[in-house]
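Student: no sequence for this one, just the structure:
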C-alpha cells in the first residue's frame with residue numbers, strides 16, 4: 001500500500017489546499033479519521049512550512065463518553081504541543097428549539113464553532129477528516145433520495161477555506177496508517193447504530209460493493225462529474241451575464257436554452273436553494289400564455305412582466321390573530337415578524353415610527369391584538385388630512401399586493417390602531433406622562 005502521507009500531500013497539491021505560512025485548523029473528534037488527519041498534517045507541516053492547530057467540539061450527546069473524547073483530544077494535543085480550541089453545545093436542546101434533527105443540528109453547531117475560531121484567529125484553512133468512504137456513502141445516500149449531476153459530485157475537496165485532505169484516502173488506508181504509526185483514537189458508540197441512515201449504508205450496502213469490486217472508490221468519478229457540473233454552471237453564468245439587465249431576464253432567451261443550462265440559470269437567477277421539482281415547475285411555467293403570472297418558490301417569488309422574469313420577495317402568508325396581554329411584557333411571533341409588547345407607565349417625548357408604536361392605554365377598546373388587515377380598517381396618520389382606508393394607504397405606499405395580507409396590524413376591538421411599515425393612528429399617540437403600551441415589531445432573520 002502506498003505511503004498515506006505522500007498520497008495526501010499529492011492530493012493537497014492537486015487542489016492547492018496547503019500553502020507555506022498559512023495556519024491550518026484540524027477538526028478533531030478523537031475518532032480514527034480525525035486523529036489520522038491530525039497526525040498527517042503534523043508531519044506535513046514540518047515539511048511544507050504551514051502552522052497547525054486543532055479544534056474539538058463537544059456535542060454533549062453521549063454523557064461521559066463525550067467528555068472522555070474531549071479529555072482524550074486535550075491530552076493528545078498537549079503531549080504534541082498542538083494548540084487546541086475546544087467548544088461545546090447542548091445539541092439535543094438546540095435541535096428541539098430549531099425543530100431539526102440531531103445530526104443536522106450537531107453539524108451546524110460544530111461548523112459554526114470551527115469557522116468562528118478560524119475567523120477570530122485569522123486561520124486560512126479549516127481541515128476536516130472526510131475520506132473516500134465518506135464520499136462513497138454520500139453519493140449512495142443522494143442516489144437513494146434521488147439526485148442530479150450536482151448531487152453525484154459528492155463531497156468537494158475544497159469549499160472556500162474548508163479543505164478535506166483525506167478525501168482521496170480510503171478508511172482501510174487510514175486504519176492501516178494509524179496501526180503502523182501508533183496513532184490512538186476513540187470509538188464513537190453511535191457508529192454501530194443502524195438507525196442512522198449513513199450507518200445502514202456503511203454496514204449493508206458498501207460491503208456488497210466491496211465484494212463486487214474491492215477497490216471501489218468514487219473519488220475519480222466525482223472529480224470528473226464535478227468538472228462537467230462546473231462547465232454547465234459556467235455556461236449558465238455566461239448566459240445571465242449577457243442577458244440579465246436591470247433585474248429582468250428575457251423569457252424567450254431563457255426558454256431557448258437547453259435544459260441542463262436553463263435549469264442552472266434559473267437556480268442562479270433565483271439565488272436560493274431549489275430542488276428539481278421547483279426548477280421543472282418554473283421551466284414549465286415559461287410556456288404559459290398568461291402574460292402576468294407569478295410562481296412562489298422557497299424564499300422568492302418569480303414573476304413574468306412584459307416578456308421578462310423578475311424576482312420578488314417570498315410571499316408572506318397571512319396569520320391568525322394573536323391577543324396582546326396588557327399586564328405583562330411578551331414577545332409575539334407571527335408571519336415572519338416578532339413583536340415585543342410591554343407596559344410604559346409614563347410616555348415621554350415625541351414618538352413617531354413606522355415599526356415601533358406607543359399606544360395610549362386609555363384609548364384601547366376591549367382586547368388588544370396583532371392580526372392581519374381586515375375589511376374596514378382605516379388610519380389617520382400623522383401629518384395627513386383625515387382617515388383613509390388601509391387598502392388605499394397600502395397602495396399609496398406601493399406595498400406589493402402579495403405582501404399586504406402578511407403585514408402585522410395592531411388593533412383593538414374597534415379597529416386598526418397601527419400598521420407595520422405605515423405608522424400609527426394619531427388618535428392613539430399618547431401625550432407625555434400618559435400610560436401607554438409599547439409595541440416594537442421587527443422582521444425575523446431568514
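Tutor: The structure has been received and is ready for your questions. Owing to the predicted nature of the structure, the values given are computational and were not obtained by experimental measurement.
Student: relative to residue 330, how far out is the closest residue to residue 361 other than its chain neighbours?
Tutor: Leaving out its chain neighbours, the residue that sits closest to residue 361 by CB to CB, 6 or more residues apart in numbering is residue 435, at 4.5 Å. All C-beta atoms are positioned from the backbone trio N, CA, C, and that covers glycine. Taken as CB to CB, to the nearest Å, the spacing of residue 435 relative to residue 330 amounts to 17 Å.
Student: likewise residue 26?
Tutor: When distances are taken as CB to CB, residue 26 and residue 330 turn out to be 46 Å apart.
Student: so which of these two has more stuff around it?
Tutor: residue 26 (28 against 14; other CB atoms under 10 Å).
Student: for the host helix or strand of the more buried one, name the packing helices and strands.
Tutor: With elements taken from DSSP states H and E, the one containing residue 26 is strand 23-27. With contacts defined as 3 or more CB pairs under 8 Å, 6 or more residues apart in numbering; DSSP states H and E, the packing partners of strand 23-27 are helix 32-48, strand 51-58, helix 102-120, strand 125-127.
Student: out of those, which one sits most buried?
Tutor: The densest packing among those, expressed as mean neighbour count by mean count of other CB atoms under 10 Å, is seen in strand 125-127 with a mean of 24.
Student: in the stretch 101-250 of the chain, which spans are helices?
Tutor: Along the stretch 101-250 of the chain, the stretches classed as helices by DSSP state H, counting those that start in this stretch are 102-120, 132-145, 149-152, 171-181, 197-200, 206-212, 219-243.
Student: got the angle between the second one and helix 171-181?
Tutor: Relative orientation of helix 132-145 with respect to helix 171-181: 160 degrees, computed using axes from the mean of the first three to the mean of the last three CA atoms, to 10 degrees.
Student: again with the last one
Tutor: Using the same axes, to 10 degrees, one finds that helix 219-243 and helix 171-181 are set 120 degrees apart in direction.
Student: now do the buried residues in helix 219-243.
Tutor: Neighbour counts over helix 219-243 (16 or more other CB atoms under 10 Å) mark 219, 222-223, 225-226, 229, 232-233, 236, 239, 243 as buried.
Student: ok, stretch 331-348 next?
Tutor: Buried residues in stretch 331-348, counting neighbours by 16+ other CB under 10 Å, are found at 332, 334-337, 339, 341, 344, 347.
Student: who touches that stretch?
Tutor: If you take CB atoms under 8 Å, 6 or more residues apart in numbering as the criterion, stretch 331-348 is touched by 316-320, 322, 324-330, 358, 360-361, 370, 372, 406, 408, 420, 430-444, 446.
Student: buried subset of those?
Tutor: Among the contacts of stretch 331-348, the ones that count as buried by 16+ other CB under 10 Å are 316, 319, 324, 358, 360-361, 370, 372, 406, 408, 420, 430, 434, 436-439, 441.
Student: quick one on the thing from earlier: looking at the helices of the stretch 101-250 of the chain, which has the lowest confidence?
Tutor: Ranked by mean pLDDT, the helices of the stretch 101-250 of the chain bottom out at helix 197-200, which scores a mean of 79.
Student: which neighbouring elements make contact with that one?
Tutor: Taking 3+ CB pairs under 8 Å, 6+ apart as the contact definition, the neighbouring helices and strands of helix 197-200 are helix 132-145.
Student: and the helix it packs on with helix 32-48, angle?
Tutor: Using the same axes, to 10 degrees, the interaxial angle of helix 132-145 with respect to helix 32-48 works out to 130 degrees.
Student: return the distance of helix 132-145 from the chain's centre.
Tutor: On the basis of CA atoms, centre = their mean, to the nearest Å, helix 132-145 sits 21 Å off its chain's mean C-alpha point.
Student: so what secondary structure elements neighbour it?
Tutor: Other helices and strands packing on helix 132-145, by 3+ CB pairs under 8 Å, 6+ apart, are helix 149-152, helix 197-200, helix 206-212, helix 219-243.
Student: about what we covered before: need the helices of the stretch 101-250 of the chain in a markdown table (columns: distance to residue 31).
Tutor: As requested, the helices of the stretch 101-250 of the chain are arranged in a markdown table below (distance: least, CB to CB, whole Å):
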| stretch | distance to residue 31 |
| --- | --- |
| helix 102-120 | 13 |
| helix 132-145 | 12 |
| helix 149-152 | 26 |
| helix 171-181 | 10 |
| helix 197-200 | 14 |
| helix 206-212 | 17 |
| helix 219-243 | 21 |
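Student: of all the ones you listed, which lies closest to residue 46?
Tutor: Using CB to CB as the measure, helix 171-181 is the one of those that comes nearest residue 46, at 14.6 Å.
Student: which other residues reach that closest one?
Tutor: Residues outside helix 171-181 that contact it (CB under 8 Å, 6+ apart) are 1, 4-5, 7, 32-33, 35-36, 39-40, 131-133, 166, 183-185.
Student: check stretch 258-278 too.
Tutor: Residues outside stretch 258-278 that contact it (CB under 8 Å, 6+ apart) are 146, 148-149, 232-233, 235-237, 239-240, 244, 249, 254-255, 257, 279-280, 282-283, 297-300, 302, 309, 311.
Student: so after the worst-scoring helix or strand of the chain on mean pLDDT, what's the next helix or strand?
Tutor: Sorting the helices and strands of the chain by mean pLDDT, DSSP states H and E puts helix 401-404 at the bottom, at a mean of 68. Going down the chain from helix 401-404, the next helix or strand is strand 409-412, by DSSP H and E.
Student: export the helices and strands packed on strand 23-27 to JSON lines and append columns for distance to residue 383.
Tutor: As requested, these are exported to JSON lines (distance: least, CB to CB, whole Å):
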{"stretch": "helix 32-48", "distance to residue 383": "63"}
{"stretch": "strand 51-58", "distance to residue 383": "54"}
{"stretch": "helix 102-120", "distance to residue 383": "46"}
{"stretch": "strand 125-127", "distance to residue 383": "54"}
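Student: who wins for proximity to residue 211 among these?
Tutor: Scanning those with CB to CB as the criterion, the closest one proves to be helix 32-48, at 22.8 Å.
Student: which residue comes closest to residue 248 once chain neighbours are left out?
Tutor: Here the nearest residue to residue 248 in space, its sequence neighbours aside, is residue 308; by CB to CB, 6+ apart that works out to 3.9 Å.
Student: number of nearby residues for the one you found?
Tutor: As a burial measure, the neighbour count of residue 308 was computed by other CB under 10 Å and equals 19.
Student: wait, doesn't it sit right on residue 251?
Tutor: Yes. A contact is recorded between residue 308 and residue 251 when judged using CB atoms under 8 Å, the distance being 5.9 Å.
Student: perfect, that will be all.
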